[in-house]
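Chemist: Provided below for reference: sequence and predicted model.
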Amino acid sequence: MSHPVDKVYLLTENNQIYLNALQNKTREPLNITSSRSDATIVLADPPLVADCLGDFPRLKWLQSTFAGVDKLMADGLRRDYQLTNIKGIFGPLIAEYVFGYLTRYYRHFEQYELQQKAGEWLPQEYRSLVGMRMVILGTGVIGTHLAKVAKCFGLQVSGVNSSGRNPADSHFDDVVSTSDLTSVLSDADIIVSTLPNTPQTRHILNHQTLKCCSGVLLFNVGRGMNIDDAALVSAIEAGYVKQAFLDVFVCEPLPKDHPFWQNPAITITPHIAAVSFPQQVATIFVDNYNRWCAGDELMYQVDFSKGY
């Protein structure tokens, strides 16, 4: 159980918003401290806390405000505490991003905007999403929600994960293991990577796998390392990838001299597909804090050995 001496330290870009959102929400009083050396619980943005973990000698539990905790997985960083992240709030946001771009692309909305400015009435032939095949890399909470939305649009949905097992009550038509990834890429119309950054997912989309594709639309809303940048450019030139929609990159912000910027077949967004809204994060933290105080298991625990 939590002890009265447990003190909470906030290290986020929105501390005041979190303070307001947390006020009087927990069952047990929330003891906020401004002293890092006294804190036993930390609510933090991973990039802000990764370089100063040593400032928290009494740290027992760190609640990340992000889903991704890559910054806390770096070699040499301490792992003598419980780490939890954010889940359950990003699926709808990712689905909005993916299907927003899909409908804009296939229904030629950008073209119609240009035609309107020119006063042109020129109906464009389009292809319906119904019957297309979407391959989703990652069958966790985000991938599962995206599959559910995809089925509502009439798509066939294949999932890819490390085990090849189809999660219970999922909306995937089939699931294959990452070792069988190429078997589903040849039939894909749309590929969406929702994968975390692990040694197993690094450059999973590379020269060998991308050459199995045929004019796909490719989305990366997982992590930048999921894609080999050079392989993607080559795949676009060869026609394996028709258009890539990238929200995550190895280096962020994306350097101004990166070739992606000037490639018309690549759409770049600045890691905004699914942001952590403080009010939603605060709700998860409150639930976990109440569990902490009751001595119950915390939600969304991160396995340091896996990185997610």
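Modeler: Looks like it arrived, so ask away.
Chemist: just the strands in the chain please.
Modeler: Applying DSSP state E to the chain gives strands spanning 8-11, 41-44, 61-64, 82-84, 133-137, 156-161, 174-177, 190-193, 216-220, 241-246, 266-268.
Chemist: pLDDT weak spots in the stretch 1-150 of the chain?
Modeler: Counting by pLDDT under 70, the low-confidence segments of the stretch 1-150 of the chain come to 1-4.
Chemist: do that again at 90, thanks
Modeler: Applying pLDDT under 90 to the stretch 1-150 of the chain flags residues 1-5, 23-24, 28-29, 67-68, 70, 88.
Chemist: Can you show me the helices along it?
Modeler: Secondary structure of the stretch 1-150 of the chain (DSSP state H, counting those that start in this stretch): helices at 15-22, 46-49, 91-106, 109-118, 141-152.
Chemist: Packed most tightly, which of these would that be?
Modeler: Comparing the helices of the stretch 1-150 of the chain by mean neighbour count (mean count of other C-beta atoms under 10 Å), helix 141-152 ranks first with a mean of 21. Every C-beta, even on glycine, is put in place using the N, C-alpha and C of the backbone.
Chemist: Kindly calculate the angle that that helix makes with strand 133-137.
Modeler: Calculated by axes from the mean of the first three to the mean of the last three C-alpha atoms, to 10 degrees, helix 141-152 forms an angle of 170 degrees with strand 133-137.
Chemist: Let me know which of the helices of the stretch 1-150 of the chain is the nearest to residue 275.
Modeler: Evaluated over the helices of the stretch 1-150 of the chain, closeness to residue 275 peaks at helix 91-106, with 7.4 Å, by C-beta to C-beta.
Chemist: which helices and strands does that closest one pack with?
Modeler: The contact analysis (3 or more C-beta pairs under 8 Å, 6 or more residues apart in numbering; DSSP states H and E) places helix 91-106 against helix 141-152, strand 216-220, strand 241-246.
Chemist: Make TSV out of the helices of the stretch 1-150 of the chain and add distance to residue 222.
Modeler: Listed next are the helices of the stretch 1-150 of the chain as TSV, based on distance: least, C-beta to C-beta, whole Å:
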stretch	distance to residue 222
helix 15-22	26
helix 46-49	16
helix 91-106	10
helix 109-118	25
helix 141-152	8
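Chemist: Out of those, which is closest to residue 185?
Modeler: helix 141-152 (15.9 Å).
Chemist: State the distance from the residue nearest to residue 110 when sequence neighbours are not counted to residue 134.
Modeler: Sequence neighbours aside, residue 104 is the residue nearest to residue 110 in space, at 6.3 Å (criterion: C-beta to C-beta, 6 or more residues apart in numbering). To residue 134, residue 104 is 16 Å away according to C-beta to C-beta, to the nearest Å.
Chemist: for residue 296, same thing?
Modeler: According to C-beta to C-beta, residue 296 and residue 134 sit 37 Å apart.
Chemist: Pick out the residue closest to the middle of this protein.
Modeler: residue 222 (4.3 Å; C-alpha atoms, centre = their mean).
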